[in-house]
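**Student:** Predicted structure and sequence below. I'll ask about it afterward.
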Amino acid sequence: MFDFSKYSQDEIRQANLDFSEYMKEDVMKLSVGQLPCTQDRLDAVEEVTERFFEYFGEHMNTVCLYYLSNYLMQDFIKAPSRSKTMDQENGFLSPRQLVKRKTKEISMREELIDVVRVDNLFNIAKPTRRVNQVDF
């Protein structure tokens, strides 16, 4: 756990910076197998935020809270499933996965469609007009 007691009351900015570095360098690099269960992570995050508020009298900055929320959802974020956004009700992609998706997506070019030709080619229910042929 991170120790906030080594900072004075006026060093809240430095404490936020150091805590975000700690989260980024140590905690966020844990593999899925090394993560504690969800309830233990939830308890740890709650304890850290309570200790921070108790010591400084203010909430953590948004960067620290972002890292804490990612720590809570680390098993879902690092899941390799391609369909995790469809399988979950509130599924999402991580920023890295969004970038990868954008590079793989190909936009279709716009074409003008000849309505008469398309109507004749692809409408199988519409009878086709034929010239009367007579067999001799």
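**Tutor:** It's in.

**Student:** Could you count how many residues lie near M23?
**Tutor:** Look at M23: counted by other C-beta atoms under 10 Å, it has 20 neighbours. Every C-beta, even on glycine, is put in place using the N, C-alpha and C of the backbone.

**Student:** quick one: it from Y71, how far?
**Tutor:** Using C-beta to C-beta, to the nearest Å, one gets 7 Å for the distance from M23 to Y71.

**Student:** from the middle of its chain, how far away would stretch 96-109 be?
**Tutor:** Centroid separation for stretch 96-109 versus its chain: 14 Å, with C-alpha atoms, centre = their mean, to the nearest Å.

**Student:** before we move on, what about stretch 7-25?
**Tutor:** 26 Å.

**Student:** Need the residues that contact the longest helix anywhere in the chain.
**Tutor:** Counting by DSSP state H, the longest helix found in the chain is helix 38-56. For helix 38-56, contacts defined as C-beta atoms under 8 Å, 6 or more residues apart in numbering pick out 1-2, 4-5, 7, 9, 12, 15, 19, 35-36, 59-60, 65, 68, 71-72, 74-75.
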